[in-house]
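>>> I need the structure of the sequence given here:
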Amino acid sequence: MMKKHFFRAVAVGLIFVIIFYAFQIVQGMYHTMKFVPDIVESYESVDYLQHKVSFGDKSSSIWRAVEIPGLMLLGIVIYYTVRKLRRKK
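Now for the predicted structure:
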């Protein structure tokens, strides 16, 4: 019985990861479609990206090593919380 709930919880965690990355892909596609290059303002955007954007680069493997298990853990916690709340009713 415990195995069944554990596998369901892991499945919910995987669904969280898939939804997160699907949202990232859709958001990137939207920004790509709405991008309008501007030659006059190009220096200002490069200057802004180089000097004023905080935490702009998050594509390191360390970030992925924290992000995926964190999302999985969030899904597992939500699954068990909902299960516990439904059991109390």
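
>>> contacting residues around the residue most central in space within the chain?
By CA atoms, centre = their mean, the mean C-alpha position of the chain lies nearest to Phe20, the distance being 3.9 Å. Residues in contact with Phe20 (CB atoms under 8 Å, 6 or more residues apart in numbering) are Leu71. (Each C-beta comes from the backbone N, C-alpha and C, glycine too.)

>>> now it: how far from Lys3?
The gap separating Phe20 from Lys3 is 26 Å, by CB to CB, to the nearest Å.

>>> please apply the same query to Leu14.
Distance from Leu14 to Lys3, by CB to CB: 16 Å.

>>> ok, now Arg83?
Looking at Arg83 against Lys3, where the rule is CB to CB, the gap reads 15 Å.

>>> same deal with Glu67?
27 Å.

>>> tell me the pLDDT at Phe55?
According to the prediction, Phe55 has pLDDT 59.

>>> report the secondary structure element holding the closest residue to Leu14 other than its chain neighbours.
Among residues not flanking Leu14 along the chain, Met72 sits closest, at 6.9 Å (CB to CB, 6 or more residues apart in numbering). Taking DSSP states H and E as the definition, one finds Met72 inside helix 61-88.
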